[in-house]
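Trainee: Provided below for reference: sequence and predicted model.
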Amino acid sequence: MLSKKFSLTFFSAAFYSSTLVAAPYQFPTPDRDKYSDNVRALQQISTGVAELSQAAAKGVVLISISKIVKGHPYYEMDPFDFFFGPRFRQQQPNAPEQRQKQQAGVGSGFIVDLDKGYIITNNHVIEGADEISLKLGNGETYTGKVLGGDKNTDVALVQITDKFKRDGLAELSIGNSDSVRVGEFVIALGAPFGLEFSQSFGAVSATSRGNLNITSLGNFIQTDAAINPGNSGGPLINMEGLVIGMNTAIFSRSGASAGIGFAVPSNLVKSIAEQLVNKGKVARGYLGVQLSPQELDEELLNGLNLPKGTRGALVAKVEKGTPAARAGLESGDVITEVGGRPVHSGQELSNIVGLSPPTAKVPVTFYRGGKLQNTTVTLGDFEQDNLVARRDNSSPNQAPGGNTSPAEFQAGLKLEPLNKQKHAQYVEQFGIESASGLLVLDVDPSSKARASGIRPGDVLLKANQTQLKSTKDLVEVFKSSNKVLLQLERSGNILFASIRK
């Protein structure tokens with residue numbers, strides 16, 4: 001019995017002793033040696049992205065603006081709606097300044113000269129601002145002033161007006177956007193939805209994106225790095241930490257990032273910003289032509305006697321006394337090259353001319369009557385009221401009601417020589433500017449004229465370069481040619497239509 005009792009007591013003591021000395025539980029240490037070199041390379045990329053983001057954040061600026069408009073009740077704009085228009089909410093009736101409206105917005109910018117306090121941002125971020133507040137990367141907030149802005153490219157330059165602490169700040173270097181390639185990794189920085197100093201990582205999706213109706217001049221870099229309201233004006237940097245673009249706009253149905261963001265290329269940003277510093281304004285070239293919005297499809301190429309696949313900008317109208325007129329350019333010309341650079345569209349021509357300096361002499365290559373020709377244009381100085389190789393986006397109108405005088409049908413068209421007094425109804429409804437030509441009263445729905453896009457209310461001006469003053473002129477052209485290129489006016493805009501027998 002004694003041995004049994006001793007034995008039991010010993011077991012209990014041993015159990016109790018082991019409970020006292022047990023080590024605290026710890027999760028297993030990760031075994032990093034199990035990863036391959038490929039995984040380690042990814043880890044290095046992640047570390048590099050983090051380093052670049054942290055370094056660039058020192059040059060990013062949160063821009064808050066406010067502007068007061070007198071004569072309206074006092075409202076406040078939600079910063080979340082900065083890109084897409086305000087959602088106003090009215091202040092209490094007893095609030096001060098009842099007869100004022102205050103708009104507030106949030107955007108981004110980046111420091112390009114730390115010594116002078118220069119900050120680049122979007123023009124739409126600061127346009128019309130009465131007050132500009134700049135929160136820098138070191139957490140300090142200062143007042144800013146606008147040195148200049150350019151609506152056509154949406155680039156603006158702001159300067160810190162106060163004496164400011166430079167500790168913890170850095171200026172960002174601008175890279176060469178012409179060398180950007182699709183697939184390159186990029187980092188977008190800014191203050192999306194007012195969440196300051198945020199960053200998103202992605203790649204370049206496309207370069208030289210044009211015809212986006214974001215700005216009147218310039219192309220864009222497309223990226224899938226998330227860009228949201230508030231990112232506007234912030235930098236898009238590459239894996240060298242260089243700014244290759246400025247975040248400007250997004251394509252989205254929801255109002256938030258859909259993986260399609262656009263940035264102004266850094267070369268354009270730099271050029272505009274330097275002009276704003278040195279001249280206080282942006283000087284740009286002026287050609288003096290109106291371009292047709294029509295694409296050069298097969299029918300139009302045939303009508304113009306151009307080789308299949310020809311791309312260029314179709315001149316609809318040349319303004320009198322302009323550089324284009326002095327250089328001999330005419331309506332119906334198709335410009336294919338300017339200054340040694342190929343022109344594939346009206347937007348490209350607008351960019352080349354509008355971003356060139358005034359008085360620049362540029363060689364121009366164009367087709368006329370199916371033959372390639374050359375001239376030299378000395379660009380003028382752009383003014384707000386002038387046309388700078390702009391494209392027109394007019395939409396066709398419907399024919400007015402009422403009876404019209406009988407007229408001759410030719411190629412499915414019912415026409416009369418234009419008489420502004422007689423055809424006052426058409427002149428008013430369609431905004432006709434031409435003094436002469438053949439007014440289209442009706443179009444046979446099954447005719448080739450209708451298929452070519454001619455509508456009632458159009459004014460036919462020329463047929464194969466023959467001025468049209470009577471229906472007989474058009475009949476003679478049709479008799480002598482198997483295909484006819486018609487130049488016409490629609491609501492003050494010059495278009496072209498090709499008809500084949």
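Mentor: Done, it's in.

Trainee: Identify, among the helices and strands of the chain, the element with the weakest mean pLDDT.
Mentor: Every helix and strand of the chain was ranked by mean pLDDT, DSSP states H and E. The lowest is strand 75-77, at a mean of 34.

Trainee: Poorly predicted segments of the stretch 151-300 of the chain, please.
Mentor: Residue ranges of the stretch 151-300 of the chain with pLDDT under 70: 252-258.

Trainee: could you pull out the helices for it?
Mentor: Remark: helices assigned in the stretch 151-300 of the chain by DSSP state H, counting those that start in this stretch are 266-278, 298-303.

Trainee: What sits closest to the residue nearest to the spatial centre of the chain if chain neighbours are left out?
Mentor: Centroid-nearest residue in the chain, with C-alpha atoms, centre = their mean: Ile214, separated by 3.1 Å. Nearest residue to Ile214 in three dimensions, chain neighbours excluded: Ala249, at 4.9 Å (C-beta to C-beta, 6 or more residues apart in numbering). In short, each C-beta sits where N, CA and C put it, glycine included.

Trainee: Let me know how buried that neighbour is, in neighbour terms.
Mentor: Neighbour count of Ala249, defined by other C-beta atoms under 10 Å: 22.

Trainee: again, but for Glu274
Mentor: Glu274, neighbours per other C-beta under 10 Å, totals 12.

Trainee: Run through the residues that contact it.
Mentor: Contacts of Glu274 were listed using C-beta atoms under 8 Å, 6 or more residues apart in numbering, and none were found.

Trainee: Distance of it relative to Arg284?
Mentor: Using C-beta to C-beta, to the nearest Å, we find Glu274 at a distance of 14 Å from Arg284.

Trainee: Equivalent analysis for Val264, please.
Mentor: According to C-beta to C-beta, Val264 stands 15 Å off from Arg284.

Trainee: now Pro265
Mentor: 16 Å.

Trainee: What of Asn493?
Mentor: Distance from Asn493 to Arg284, by C-beta to C-beta: 23 Å.

Trainee: So which of these two has more stuff around it?
Mentor: Arg284 (23 against 17).

Trainee: Surely the more buried one is in contact with Thr153?
Mentor: No. Under the criterion of C-beta atoms under 8 Å, Arg284 makes no contact with Thr153, lying 9.4 Å away.

Trainee: what is in contact with these two at once?
Mentor: By C-beta under 8 Å, 6+ apart, the residues touching both Arg284 and Thr153 are Leu217.

Trainee: hang on, Ala324 in a helix?
Mentor: Yes. Checked against DSSP: H, G, I helix; E, B strand; the rest coil, Ala324 lies within a helix.

Trainee: Tell me, how many residues neighbour it?
Mentor: Residues near Ala324, counting by other C-beta under 10 Å: 29.

Trainee: same deal with the one 4 residues further on?
Mentor: By the other C-beta under 10 Å criterion, the neighbourhood of Gly328 contains 15 residues.

Trainee: measure the nearest residue to Gly370 once chain neighbours are set aside to Lys371 for me?
Mentor: Closest residue to Gly370 apart from its sequence neighbours, by C-beta to C-beta, 6+ apart: Asn305 at 3.1 Å. Separation of Asn305 from Lys371 (C-beta to C-beta): 8 Å.

Trainee: And those two? Which one has more around it.
Mentor: Taking neighbours as other C-beta under 10 Å, Asn305 and Lys371 compare with Asn305 leading, 14 against 9.

Trainee: how close does the more buried one get to Val484?
Mentor: In terms of C-beta to C-beta, Asn305 sits 12 Å off from Val484.

Trainee: One more: Val318?
Mentor: Taking C-beta to C-beta as the measure, Val318 falls 22 Å from Val484.

Trainee: Over to Glu476?
Mentor: 11 Å.

Trainee: Number of residues surrounding Ile454?
Mentor: Neighbours of Ile454 (other C-beta under 10 Å): 24.

Trainee: So what does it have for phi and psi?
Mentor: For Ile454, the backbone dihedrals (degrees, to the nearest 10) come out as phi -70, psi 140.

Trainee: likewise Tyr367?
Mentor: phi -100, psi 140.

Trainee: Specify the beta-bridge partners of the closest residue to it other than its chain neighbours.
Mentor: Distance criterion C-beta to C-beta, 6+ apart; nearest residue to Tyr367, sequence neighbours excluded, is Val334 at 4.4 Å. Judged by DSSP bridges, the bridge partners of Val334 are Leu314, Tyr367.

Trainee: Give me the neighbour count for Val334.
Mentor: Using other C-beta under 10 Å, Val334 has 23 neighbouring residues.

Trainee: same check, this time on Ile244
Mentor: 27.

Trainee: I'd guessed it sits against Phe220; true?
Mentor: No. Look at Ile244 against Phe220 with C-beta under 8 Å: they stay out of range, at 11.8 Å.

Trainee: any common contacting residues for those two?
Mentor: The contact lists of Ile244 and Phe220 share Ala263, Pro265, where a contact means C-beta under 8 Å, 6+ apart.

Trainee: sorry, back to before: which one of Glu476 and Val484 has more residues nearby?
Mentor: Val484 (23 against 13).

Trainee: burial count for Glu196?
Mentor: Glu196, neighbours per other C-beta under 10 Å, totals 18.

Trainee: err, Lys479, not the other one
Mentor: 8.

Trainee: Angles on the backbone of it, please.
Mentor: Residue torsions, per degrees, to the nearest 10, at Lys479 are phi -70, psi -30.

Trainee: And Arg450, by the same measure?
Mentor: According to degrees, to the nearest 10, Arg450 has phi -70, psi -40.

Trainee: residues contacting it?
Mentor: Residues counted as contacts of Arg450 (C-beta under 8 Å, 6+ apart) are Gly412, Val443, Asp444.

Trainee: try Gly437
Mentor: In this structure, Gly437 makes contact with Pro417, Leu418, Val459, Leu460, Leu461, Leu468, Lys469, Leu488, Glu489, judged by C-beta under 8 Å, 6+ apart.

Trainee: next one: Leu268
Mentor: By C-beta under 8 Å, 6+ apart, the contact list for Leu268 reads Thr153, Val155, Ser177, Gly218, Leu355.

Trainee: Checking Val362 next. Helix, strand or coil?
Mentor: Secondary structure, three-state DSSP: Val362 is strand.

Trainee: ok, it touching Thr376?
Mentor: Yes. With contact defined as C-beta under 8 Å, Val362 counts as touching Thr376 (7.0 Å).

Trainee: of these two, who's got more company?
Mentor: A direct count of neighbours by other C-beta under 10 Å for Val362 and Thr376 places Val362 higher, at 21 against 10.

Trainee: And the closest residue to the more buried one other than its chain neighbours, how close does it get to Thr378?
Mentor: What sits nearest to Val362 in space, not counting adjacent residues and going by C-beta to C-beta, 6+ apart, is Gly339, at 4.1 Å. Gly339 sits 12 Å away from Thr378, going by C-beta to C-beta.

Trainee: Comparing the two, which shows the higher neighbour count?
Mentor: More neighbours surround Gly339 than the other of Gly339 and Thr378, with 17 against 13 (other C-beta under 10 Å).

Trainee: Contact partners for the more buried one?
Mentor: Ile352, Ser356, Ala360, Val362, Pro363.

Trainee: for whichever strand or helix holds Lys462, packing partners?
Mentor: In this structure, Lys462 sits in strand 459-463 according to DSSP states H and E. If you count contacts as 3 or more C-beta pairs under 8 Å, 6 or more residues apart in numbering; DSSP states H and E, strand 459-463 packs onto strand 438-443, helix 471-480, strand 483-490.
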